[in-house]
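Colleague: Show me how the following folds:
(one chain, ligands or ions: 1)
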Amino acid sequence: MSLIQLIDLPNFGDQRGELVAIESNQSIPFEIKRLYYIFKTKNQSRGFHAHINLKQVAICLKGSCRFVLDNGHLKDEILLASPTKGLLIESLIWREIRDFSDDCVLLILANEHYNENDYIRNYQAFLNKVST
Ligand code: T46
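Modeller: Predicted structure coming up:
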């Protein structure tokens, strides 16, 4: 079993260039309520938390970065480096994002509005949660 679930985003590219279209409940398996993007990271690692309910899809629009996913039992990692691939991150997955290229622009689609109460930011608390 792998924690890496990659979505092939529909690409309508032609001789004029690439065009990727993203729609809720189609290629993205949830209603998109929020998006945010991360850039100019100066290669500082981020994440180090899990979400209780939130589901997200991460798309590296430019450059590359590495996601390390952990469900408390196994860990997998992937280098995201394509604007046509979305990484689906289910709830109760600890994530660490590292190895950002200088030009990395990381777009995240989320199925809920921002809610700090949905975060588990302590790794031991995360392990306790997934073992119950
Ligand atoms: C995740 C990874 C991939 C908001 O106010 N609204 C928002 O929608 C978000 C995402 C963040 N914030 C605030 C909360 C913090 O004060 O922005 C600040 C930085 O957030 P955080 O330290 O959580 O950033 P990352 O990069 O560690 O994590 C973020 C998301 O929070 C998280 O859900 O999965 O990106």
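
Colleague: I'd like the mean pLDDT over stretch 87-104, please.
Modeller: For stretch 87-104, mean pLDDT is 98.

Colleague: in it, what's buried?
Modeller: Within stretch 87-104, the residues scored as buried using 16 or more other Cβ atoms under 10 Å are 87-89, 93-97, 99-100, 104. C-beta: built from backbone N, CA, C; applies to glycine.

Colleague: Show me the subset of these that also lies near the ligand.
Modeller: With Cβ under 6 Å from any ligand atom as the criterion, the buried residues of stretch 87-104 include 95, 97 near the ligand.

Colleague: would TSV of the buried residues of stretch 87-104 with secondary structure and distance to Y119 be doable?
Modeller: Shown next, in TSV, are these (DSSP: H, G, I helix; E, B strand; the rest coil; distance: Cβ to Cβ, whole Å):
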residue	secondary structure	distance to Y119
L87	strand	19
L88	strand	19
I89	strand	13
I93	coil	12
W94	strand	11
R95	strand	11
E96	strand	14
I97	strand	15
D99	coil	23
F100	coil	21
C104	coil	22
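
Colleague: The buried residues of stretch 87-104 into JSON lines, with extra columns for distance to G63?
Modeller: Listed next are the buried residues of stretch 87-104 as JSON lines, based on distance: Cβ to Cβ, whole Å:
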{"residue": "L87", "distance to G63": "15"}
{"residue": "L88", "distance to G63": "20"}
{"residue": "I89", "distance to G63": "19"}
{"residue": "I93", "distance to G63": "23"}
{"residue": "W94", "distance to G63": "24"}
{"residue": "R95", "distance to G63": "18"}
{"residue": "E96", "distance to G63": "18"}
{"residue": "I97", "distance to G63": "12"}
{"residue": "D99", "distance to G63": "10"}
{"residue": "F100", "distance to G63": "7"}
{"residue": "C104", "distance to G63": "4"}
